[in-house]
Every structure is written in structure tokens, then in C-alpha cells.
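[1] Next comes the sequence, and after it the predicted model I'd like to discuss.
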Amino acid sequence: MSYGLKQKDTVAKTEYSNIITLDMGHDPSPPMEFTLYRNYRNPFNPTTTIMFSVTTPNHIELKVFDALGTELATLVGEKKDAGNYATNFNGTNLSAGMLLYRFLTGNFFRFVS
């Protein structure tokens, strides 16, 4: 992936930064712990990416709930190998508000808001 910045000043003069490239290749070492990373849903964008790590091959369940505990979506419900993963969530049809993500695998359980 390549990134750069565009800056426009008050007199409409535009400057561009140098382009940097990030290698998002596969990390050969497995994660050290099961992790569900925090996610901050942007109220102006209904889609978001939820990231998690798995230490050993296991059945993974990742679900989304509203603040009342009503299940809204199942994002992952399958066996995954050890590694880092990302899944997209589209909340276009949901009202604004706090969402909870439940990550469950084997003996590991985590709720994140």
C-alpha cells in the first residue's frame, strides 16, 4: 500500500509529500495471544474493519450486539489458522449508538465496545 499527503494552504497553493510504501506481507510468526482489537465506529461511515489475532487453529466466533444485548450480526463463525485477521462490518441499516463485539474461541472470551 502506498500513502501520501496533500496539503492546500489558504491561497490555494498545493504541495504533496513523498509517497511511502508499506509492505503488508504475511508475518511468519504466529501471534502470542488471542486478541480482539478495539474498534471505533465512525458515525459518518457505516462500514468498519474489525481486527483479531488467533494463536492456534481453532473455531472462531465473532458477533456484533447492540447495547441491549440483541445480536445484530455474525461476522466470523468458522475455523481459522493461527494468524492475524481483519473482517469488515457494514452497519448501514443500524441506528447510531454503541456496539459490542464478542470474540469467542476455545477457552478465550472477550467483549469489546
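    Nice, I can see it.

[2] Check which helices and strands whichever strand or helix holds E15 is in contact with.
    Per DSSP states H and E: E15 is located in strand 14-16. Judged by 3 or more CB pairs under 8 Å, 6 or more residues apart in numbering; DSSP states H and E, strand 14-16 is in contact with strand 6-8. C-betas here are computed from N, CA, C, even on glycine.

[3] in its sheet, what does the strand it packs on sit against?
    Strand 6-8 has the following sheet partners, assigned by DSSP bridges: strand 14-16 (antiparallel).

[4] Could you list the residues in contact with the strand holding E15?
    Defining contact as CB atoms under 8 Å, 6 or more residues apart in numbering, one finds that strand 14-16 is touched by 4-9.

[5] distance of the nearest residue to T35 once chain neighbours are set aside from D81?
    The shortest distance from T35 to any non-neighbouring residue, by CB to CB, 6 or more residues apart in numbering, is to S53 (4.2 Å). Here S53 is placed at a distance of 12 Å from D81 (CB to CB, to the nearest Å).

[6] Now do the same contact list for the residue sitting nearest the centre point of the chain.
    With distances taken as CA atoms, centre = their mean, the chain has I50 as the residue nearest its mean C-alpha position (1.9 Å). Residues near I50 by CB under 8 Å, 6+ apart: 36-37, 39, 62, 75, 86-89, 101.

[7] As a markdown table, these with pLDDT and distance to Y16 would be great.
    What follows is the contacts of I50, written out as a markdown table (pLDDT from 0 to 100; distance: CB to CB, whole Å):
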| residue | pLDDT | distance to Y16 |
| --- | --- | --- |
| L36 | 80 | 37 |
| Y37 | 80 | 31 |
| N39 | 73 | 31 |
| L62 | 92 | 39 |
| L75 | 92 | 37 |
| A86 | 89 | 29 |
| T87 | 90 | 33 |
| N88 | 89 | 29 |
| F89 | 87 | 33 |
| Y101 | 85 | 37 |
